[in-house]
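In: My questions concern the predicted model and sequence given below.
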Amino acid sequence: MIVDDDPNVSLLLEVTLKKDHHFDLVVCTSGEEALEMMKSEKPNLVLLDIMMPGIDGFEVCRRIKSSPETKFVSVIFLSSRREVTEKVKGMNIGADDYIVKPFDPDELLSRIKAQLRIRKLEKELIDKKKLETVLAMAVTLKHEINNPLTGILGNSEILKDWRNLKEEEVGECINDIHEQSKRIKTLVENLAKATNIVESTYIGDIQMIDVEESSKAK
């Protein structure tokens, strides 16, 4: 996404990015338009001017980086402001890079590609972590729920022939079913309370989720 109120700069950027490079481009002329278009276009990277009428680039960047939906979008400031204080301010509010106008086309392309590579690696790491979490949850459910379920099913099988059982044996089976059911209920309640994932080793290098500690984690 290109965000600049100067049509000449936007045109130069379009020509630079389209020449021998396959980028899907969205051009915005104001901060307000950019924030609105972010909702539907979902860009991977934003080339952002600072001095614009209405919402300036600093505020646009701050909103992009503070939103859970867009915080991983790469933001490169492209500004005529050369002051170190401006660069520091931009990086402090979350910008990923800062390029001064007039820019060198080859340098711009190199920095854009670098940011896109970083974003690709971040996405791969996030996807890998999500998969690991899903697998850990599967191990957890198998371990934590399978055991009490096995007890419930075993007692249920015994109770099928309740007429042949002594009264105390029936009572023991019912009590065991009740306790195992409470165990599952507690597990589900703790999973619902989990605010962070705390893993523990199951067997070897296989991880599972420590449900009790995860329900306590902040």
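Out: It's in. Residues are numbered from 1 along each chain as shown.

In: give the contact list for R81.
Out: R81 makes contacts with I50, M51, K87, V100, as judged by CB atoms under 8 Å, 6 or more residues apart in numbering. In short, each C-beta sits where N, CA and C put it, glycine included.

In: which of those tops the neighbour count?
Out: Using other CB atoms under 10 Å as the neighbour test, the contacts of R81 are led by I50, with 23 neighbours.

In: Tell me the secondary structure at that residue.
Out: coil (DSSP: H, G, I helix; E, B strand; the rest coil).

In: Isn't it up against F58?
Out: Yes. Taking contacts as CB atoms under 8 Å, I50 lies within contact range of F58: 6.3 Å.

In: shared neighbours of the two, anything?
Out: Common neighbours of I50 and F58 (criterion: CB under 8 Å, 6+ apart): G90.

In: picking that back up, which one of the contacts of R81 is nearest E107?
Out: Comparing these against E107 with CB to CB places V100 closest, at 10.3 Å.

In: and the closest residue to the closest one other than its chain neighbours, how many neighbours does it have?
Out: Nearest residue to V100, sequence neighbours excluded (CB to CB, 6 or more residues apart in numbering): R82, at 5.3 Å. Using other CB under 10 Å, R82 has 9 other residues around it.

In: Against I99, how distant is R82?
Out: To I99, R82 is 11 Å away according to CB to CB, to the nearest Å.

In: Next: E41.
Out: Distance from E41 to I99, by CB to CB: 22 Å.

In: Which one's more surrounded, these two?
Out: When E41 and I99 are compared for neighbours, I99 comes out ahead with 17 against 13, by other CB under 10 Å.

In: So the more buried one sits against I76, correct?
Out: Yes. Assessed by CB under 8 Å, I99 is found in contact with I76 at 6.2 Å.

In: any common contacting residues for those two?
Out: Common contacts of I99 and I76 (CB under 8 Å, 6+ apart): R111.

In: After the top helix by length along the chain, which helix or strand is next?
Out: The single longest helix within the chain, with elements called by DSSP state H, is helix 105-144. Using DSSP states H and E, the helix or strand that directly follows helix 105-144 along the chain is helix 146-159.

In: So what pairs up with the nearest residue to M137 once chain neighbours are set aside in the strands?
Out: Using CB to CB, 6+ apart and skipping the chain neighbours, the partner closest in space to M137 is I209 (5.8 Å). I209 has the following beta-bridge partners by DSSP bridges: E199.

In: tally of neighbours for I209?
Out: 24.
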